[in-house]
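# Sharing a model that was predicted from the sequence below.
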Amino acid sequence: MSIALDPFFNLSMDCLCIADYDGYFKKINPAFVELLGYSEDELRSRKICEFIYEEDRERTAIHRDYLINNRPLVNFENRYVCKSGELVWLHWTSIPVPEEKLVYAIARDISFTKGLEKERVSHLSELSQLNNELKRLNYVTSHDLRSPVNNLISMVDLIDSSKIEDGETLEILRFVKLSAEGLKDTLDSFVDTLKEKELHTESVEKVYFAPVFEKVCHSIKSLINKTQAEVAVDFCDLDHIFFNRAYLESIFLNLITNSIKYARPGVQPVITVRARQKENVKTLVYADNGLGFDLDKVGHLIFNLNQSFHSNQDSKGVGLYLVHKHVISLGGNISVDSKVNEGTTFTINFRA
């Protein structure tokens, strides 16, 4: 290494290293040594993969092969195991130099950020569960109260008022019945309102697929161009639905960005979107050729909050949860068909 660069290498707060194509560290800066807790000799004596957290080794090996084939590595994240046993998250940028058969890399410790992110998603999950529990309690309470109220009305009706001579007692019975009937109407109205809010939290309007899809694609145009994603749409059979515009934008945005994030390495992302109507059923079919899912293992978790099925620095476990929430909140349903390394198809049936 040039003498002029030694101070930069030795004093950098980020983790700097040089590795050979055989998978060994050739040089490690003090910041990296301090973070992992091993001596430089220990780090250089063992293969790099031995310091990587076991669950991340296979994915890291795939990207290492790309490096050896002269493809730079940018925005890659994995976990290393410190000598103390502690896990640290590292964010990598690595550049191969084929003529030297070396890889020059810089890593930044993002463990704190990952912790905050996990905590945020955990709080979001708790709030969602609490909200669902409150809604359930509202339904149960209002539903269960109607039975005793109906019984009270029936009991008042069973009283033979002709046998009661006291006018004040008759008046009290009349007020009891009016009050019970009023409470019944209030409970019925409350239940209807809950159902109405469940289906119509946001305004619904006539929304055309094409302009919404174009708007979303334009907003992530650089991402689409950078990955050379191929996008094909067909809205000829069904060009619009009555839906919430913001929800449809969110659905398209999350599905498209997921397809790009979870594209198969070295394979051009291909996305197809088709809308159709058969009898009274309006359907949107979205498909890609990405990594896919093992439905036998994770099929029941795909739309849950805080679920991530592929190791990726942008995985938050929120996107598909939002897609599902938007669809069902307006009375629709969504299903998924997928195979590992073959792609995924989402089928959305909108409420008639």
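Received the coordinates, thanks. Numbers count the residues shown, from 1 in each chain.
# Show the pLDDT at residue 16.
Note on residue 16: pLDDT of 95.
# surely it meets residue 33?
No - using C-beta atoms under 8 Å as the test, residue 16 is too far from residue 33 to be in contact (10.6 Å). Any C-beta I mention is one placed from the backbone N, CA and C, and that applies to glycine too.
# Show me what secondary structure element comes after the helix or strand of the chain with the lowest mean pLDDT.
Sorted by mean pLDDT, DSSP states H and E, the helices and strands of the chain end with helix 167-199, the least confident at a mean of 72. Downstream of helix 167-199, the next assigned helix or strand under DSSP states H and E is strand 205-208.
# Show me what that following strand is in contact with.
235, 239, 240, 241, 242, 243, 244, 245, 248 (C-beta atoms under 8 Å, 6 or more residues apart in numbering).
# ok, that strand: who's next to it in the sheet?
Here strand 205-208 has these sheet partners by DSSP bridges: strand 240-243 (antiparallel).
# Tell me the helices and strands packed up against the helix or strand following the partner strand.
Where DSSP H and E defines the elements, the next helix or strand beyond strand 240-243 is helix 245-261. For helix 245-261, the elements it packs on are strand 205-208, helix 209-219, helix 221-227, strand 270-278, helix 319-329, strand 343-350, judged by 3 or more C-beta pairs under 8 Å, 6 or more residues apart in numbering; DSSP states H and E.
# Kindly recompute the last result at 6 Å.
When contacts are defined as 3 or more C-beta pairs under 6 Å, 6 or more residues apart in numbering; DSSP states H and E, helix 245-261 sits against helix 209-219, helix 319-329.
# buried ones in that helix?
Neighbour-count burial for helix 245-261 flags 245, 247-261 (criterion: 16 or more other C-beta atoms under 10 Å).
# hang on, residue 80 packs against residue 50?
No - in this structure, residue 80 is not within contact of residue 50 by C-beta atoms under 6 Å, at 10.3 Å.
# So between the two, which is more surrounded?
residue 80 (22 against 12; other C-beta atoms under 10 Å).
# Spatially nearest residue to residue 273 (excluding sequence neighbours)?
The spatially closest residue to residue 273, leaving aside those adjacent along the chain, is residue 233, at 4.6 Å (C-beta to C-beta, 6 or more residues apart in numbering).
# The strand or helix carrying that neighbour pairs with which strands?
Using DSSP H and E, the element containing residue 233 is strand 230-234. Taking DSSP bridges as the criterion, strand 230-234 forms sheet pairs with strand 270-278 (parallel).
# So which bits of the very next helix or strand once past the strand it pairs with are buried?
Past strand 270-278, further along toward the C-terminus, the next helix or strand under DSSP H and E is strand 281-288. The neighbour-count check on strand 281-288 (16+ other C-beta under 10 Å) flags 282, 283, 284, 286, 287, 288 as buried.
# Could you dump the residues you listed into CSV with distance to residue 215 added?
Listed next are the buried residues of strand 281-288 as CSV, based on distance: C-beta to C-beta, whole Å:
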residue, distance to residue 215
282, 20
283, 22
284, 16
286, 16
287, 21
288, 20
